[in-house]
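Chemist: Compute the structure for the input listed below.
(chains A and B)
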Amino acid sequence: MAGKVGSLFQIRQPLPGLVGLGLGLIFLTMVLGAWWGMTRGPVEERVISSVILPSPQEIAESLPDLITRRQLFENIQVSLIRVLKGWGMALLLVIPLGLVMGAFGPVRAFFEPLNVIAGYLPLITIIPVTFAWFSGESQKLAFLTMACFFFMLPLVIAAIENVEEIFLNTAQTLGARRHDLLMRVLFPMALPEIYSAARLAFGIGWTWIIVAESLLADAGIGFIFMSSYRFEKPHMYWTALIILLIGFAADQLLGWLGRRLFPYRHL
Amino acid sequence: MSQRPHVVEFRDVSHTFNRGTPREFTAIRDLSFHIEDIPARGEFIAMLGPSGCGKSTVLNLIAGFRGFVPPTRGEVLVFGKPLTGPGPDRGMVFQKYSSFPHLTVLQNVMFGLDLLKEPARTRAERVDLAMEWIRKVGLEDHALKYPRQLSGGQQQRVALARSLVLHPRIILMDEPFSALDEPTRLDMQRLLVDLWHEVEATVFLVTHSIAEAVYLGDRIWIFTPAPGRLAVQIEKEPPRARGTDPLEAQESAEFKKDVQLVAREFTRVTT
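Modeler: Purely as a prediction, here's the structure:
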């Protein structure tokens, strides 16, 4: 047994799937157990005051109120639609632009300032800028579009540039012209990497909508999250968990879809 | 003297990379040759030389890839015309596997057919033609697989079929079999000879294998170390032309003598 456990600690030793899952569950159980232990009993006898950290039971009991009075699902929908719109808009802009920037030197040079912004401007600085330029719903859309756009631009350009010269040369000996090289070689060959960038961008968008809604909004899951901070702490924990789960589920879904869209990458 | 333009003609061609930088490197210097166009019969030119002697540069110049048009000095003519860029009249098979990873074998072989304007073919005709060549290279059971699912030898078969289906007049091969194990390599030589009879193109083959050069080449060219010059040309009827199998050919005394002769010349030129 000891030898078996020891062998699992060989460097880069792959783990059997169930062992991996089990270890993660043990960690979670320990954290939940510690939480339960420190918040159990009558309020005045607890190790940690319920003002600081409510007990698991108190949090569980706050769910119906969160769903009905505070309209959890409607607010999730508001946030998801904001992200989908901003992310979709960014994809429509960044994929064609990245393609021509990766392929043509003059286009790349002309738009290079955008790439510098993408590389060095912290996304959070875009928030007040979009507050100044837009208001209400269009501010959210503009911010998310810009966040996803600037995140993806360098990745899309790199995906195009990473297509090896040998494929362009081969295509030309088979009669490909410039347009064919763009649409039949560069774009389809870079597409799996562009897709991976889009998948990451969705996660980025989901993270930043929470930030944007926390700062200024009257709806959305980020708004519920921040407005629960003072008087409805249990709701704050719920929304944090829900934000996490939605981000995780969306990423898994996009990963699953990617394996079906690009089967040749996973043979 | 025939009036037909030469298949390929080099006139005092030199090619230098990274000119004016510390990494300046002259790959070939003052190279001149021409290959005559003999109707219905292509020639097989096997090119030997030490690494970095510019053999691949000769192929890339004929292919007309980016960075090779025009040459630093001199002129490269293909069928009497200066080159402007790559085209489907010059097929190429690289050492590195170059099948498009996102396309199946069938789609890879159809890549060039789909781009052809003349002759106008329906999609069904293109599929039939591609399948015919996939059968010729022995991959009929793998037509719907992706390149990742194929072995190295199978990938080079895809590259051959994809190029030959377009009936190029010139076939450029840059160490196409050097990543393959010996039995596979001999298989590919047999296949290449078989298919070559159908297209009768002029083949330029860069190889590190003297045996391969002796077996396949109507002419064997030996290049000097960089900057590469064409030092020796050996013209001999290769065993391939008599229909001898490569494995059988290697056993004959004559073949061994020829390999020794070429090896001696190679050593003389490169040291």
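Chemist: CA only for contacts and neighbour counts going forward, please
Modeler: OK.
Chemist: how close does the most centrally placed residue in chain A sit to residue A:50?
Modeler: Note on chain A: the residue nearest the mean C-alpha position is residue A:203, at 0.7 Å, using C-alpha atoms, centre = their mean. With the distance defined as C-alpha to C-alpha, to the nearest Å, residue A:203 ends up 32 Å from residue A:50.
Chemist: what does residue A:95 give?
Modeler: Distance from residue A:95 to residue A:50, by C-alpha to C-alpha: 49 Å.
Chemist: Those two: who's more crowded?
Modeler: The neighbour comparison of residue A:95 against residue A:50 (other C-alpha atoms under 10 Å in any protein chain shown) goes to residue A:95, with 21 against 18.
Chemist: Helix or strand for the more buried one, just tell me which one.
Modeler: Here residue A:95 is covered by helix A:72-103, with elements defined by DSSP states H and E.
Chemist: Please identify the helix or strand for the closest residue to the residue nearest to the centre of chain A other than its chain neighbours.
Modeler: Nearest residue to residue A:203 in three dimensions, chain neighbours excluded: residue A:247, at 6.2 Å (C-alpha to C-alpha, 6 or more residues apart in numbering or on different chains). Element membership for residue A:247, per DSSP H and E: helix A:233-261.
Chemist: and residue B:75, which of the three is it?
Modeler: strand (DSSP: H, G, I helix; E, B strand; the rest coil).
Chemist: Tell me, how many residues neighbour it?
Modeler: What residue B:75 shows, counting by other C-alpha under 10 Å, is a neighbour count of 21.
Chemist: got a list of what the residue nearest to residue B:73 when sequence neighbours are not counted touches?
Modeler: Counting by C-alpha to C-alpha, 6+ apart, residue B:73 lies nearest to residue B:14, which is 5.0 Å off, once chain neighbours are set aside. For residue B:14, the contacting residues are B:26-31, B:71-74, by C-alpha atoms under 8 Å, 6 or more residues apart in numbering or on different chains.
Chemist: Residue ranges in the chain under the pLDDT threshold?
Modeler: Using chain A here. For chain A, the stretches with pLDDT under 70 are A:1-2.
Chemist: My question was about chain B, not that one.
Modeler: Ranges of chain B meeting pLDDT under 70: B:1-3.
Chemist: Just the helices from it, written as ranges.
Modeler: B:55-63, B:105-115, B:123-136, B:152-164, B:182-199, B:210-216, B:246-251, B:253-270 (DSSP state H).
Chemist: which residues are in contact with the shortest one?
Modeler: For helix B:246-251, contacts defined as C-alpha under 8 Å, 6+ apart pick out B:186, B:189-190, B:211, B:215, B:239-240, B:255-256.
Chemist: Just the buried ones among the residues you listed, please.
Modeler: B:186, B:189-190, B:211, B:215, B:239-240, B:255 (16 or more other C-alpha atoms under 10 Å in any protein chain shown).
Chemist: could I get those residues as TSV with distance to residue A:263?
Modeler: Converted to TSV, the buried ones among the contacts of helix B:246-251 look like this (distance: C-alpha to C-alpha, whole Å):
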residue	distance to residue A:263
B:186	33
B:189	33
B:190	34
B:211	41
B:215	41
B:239	45
B:240	42
B:255	48
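Chemist: dump the residue contacts of residue B:158.
Modeler: B:99, B:105, B:108-109, B:134, B:137 are the contacts of residue B:158 under C-alpha under 8 Å, 6+ apart.
Chemist: Contacts for stretch A:68-78, please.
Modeler: A:66-67, A:219-221, A:224.
Chemist: Show only the entries of those found in helices.
Modeler: A:66-67, A:221, A:224.
Chemist: Could you dump the residues you listed into a markdown table and include distance to residue A:18 and neighbour count?
Modeler: Below are these laid out as a markdown table (distance: C-alpha to C-alpha, whole Å; neighbours: other C-alpha atoms under 10 Å in any protein chain shown):
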| residue | distance to residue A:18 | neighbour count |
| --- | --- | --- |
| A:66 | 35 | 19 |
| A:67 | 34 | 14 |
| A:221 | 34 | 28 |
| A:224 | 37 | 26 |
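Chemist: Thank you kindly, that will do.
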